[in-house]
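Engineer: Show me how the following folds:
(one chain, ligands or ions: 1)
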Amino acid sequence: MTQTREPALALTLTDAPEEAAQAVIAKGLRDHALAKIGYRDARPLAILARKLVEGKEVAVGGLLGRTSFGLFYIDRFFLPEGLRGQGLGGRIIALAEKEAARRGCSRAVLFTADFQAPQFYLDHGYEVLGRLDCEPPGHTRFCMTKKLDGARCGRPFAVGE
Ligand SMILES: CC(C)(COP(=O)(O)OP(=O)(O)OC[C@H]1O[C@@H](n2cnc3c(N)ncnc32)[C@H](O)[C@@H]1OP(=O)(O)O)[C@@H](O)C(=O)NCCC(=O)NCCS
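Structural biologist: Numbering: from 1, shown residues only. Here you go, the predicted structure:
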C-alpha cells in the first residue's frame, strides 16, 4: 500500500512574516468567511490629514481602521502635537464614524491605553467594554465601543457602493 504524505511541516517563529505568507493567511481567512457567511465585506477605512511639504502633499497623521461584518475597528489614530487640541481629532473621528455607518456598521471598537486617549473617546460617546492591566506596570488598556447609526448589520456591501 502506498501512502501519500504531506511534506514535513515546519513551524517558524518570526517577527517579520514575508508578504507572501501574510497574503496566504489573509486570503485563507477571506475564503473561509465567504464559505461560511456567503459574502465578505472587509475594507480599510482611513482619514488622512495631509499637508503641503516642499510642494508635495504628505500625510502627517490621521486614523487607520477597517470595517468588517458590521463593525468599525479603529486600529491607529495619531496627530502630531502641533495639530492636537483644536478639534481636528473630533472632526476626523466624526467623519470616520459617518462613513462606517454608511457602510452599515452598527458599532465602532478600539483599544486605547491610559497614556493615550481614553478621555477623548469618552468625550465622543465611547464606553468602556473592558480593561486589561498592561505594561509598564501600573498601566491599563481599555477596550472601548460606541453604537453607530448603521442599522444594516450583515447586509453585503459592494465595493464602491
Ligand atoms: C487622540 C488624538 C488623535 C485626538 O486628536 P485632537 O485633535 O487632539 O482631538 P480634539 O482637539 O478634537 O479633542 C481634544 C479633546 O480630547 C481631549 N484629549 C485628547 N487626548 C487626550 C488625552 N490623551 N487625555 C485626555 N484628554 C485628551 C482633550 O482634552 C480635548 O478635550 P476638550 O475638547 O474638552 O478640550 C490626538 O490627541 C493624538 O494624536 N494623541 C496622541 C496619540 C494617541 O493617544 N492616539 C490615540 C491612540 S488610541
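Engineer: drop to CA atoms for contacts and neighbour counts, all remaining ones
Structural biologist: OK.
Engineer: what's the burial count for Pro17?
Structural biologist: As a burial measure, Pro17 scores 10 neighbours (other Cα atoms under 10 Å).
Engineer: Phe69 too?
Structural biologist: 22.
Engineer: And Ser68, how far from His32?
Structural biologist: The gap separating Ser68 from His32 is 14 Å, by Cα to Cα, to the nearest Å.
Engineer: what does Gly89 give?
Structural biologist: Using Cα to Cα, we find Gly89 at a distance of 36 Å from His32.
Engineer: Which one's more surrounded, the two?
Structural biologist: Between Gly89 and His32, Gly89 has the larger neighbour count (other Cα under 10 Å), namely 20 against 14.
Engineer: and that one, what element?
Structural biologist: Assigned by DSSP states H and E, Gly89 belongs to helix 88-102.
Engineer: pLDDT of that helix, averaged?
Structural biologist: Taken as a whole, helix 88-102 has a mean pLDDT of 98.
Engineer: Show the subsequent helix or strand relative to it.
Structural biologist: Counting by DSSP H and E, what follows helix 88-102 is strand 107-113.
Engineer: Output the contacting helices and strands for that next one.
Structural biologist: Counting contacts by 3 or more Cα pairs under 8 Å, 6 or more residues apart in numbering; DSSP states H and E, strand 107-113 is packed against strand 71-78, strand 139-147.
Engineer: Surely Glu127 touches Met144?
Structural biologist: Yes: using Cα atoms under 8 Å, Glu127 is in contact with Met144, at 5.4 Å.
Engineer: what touches both of those two?
Structural biologist: Tyr121 (Cα atoms under 8 Å, 6 or more residues apart in numbering).
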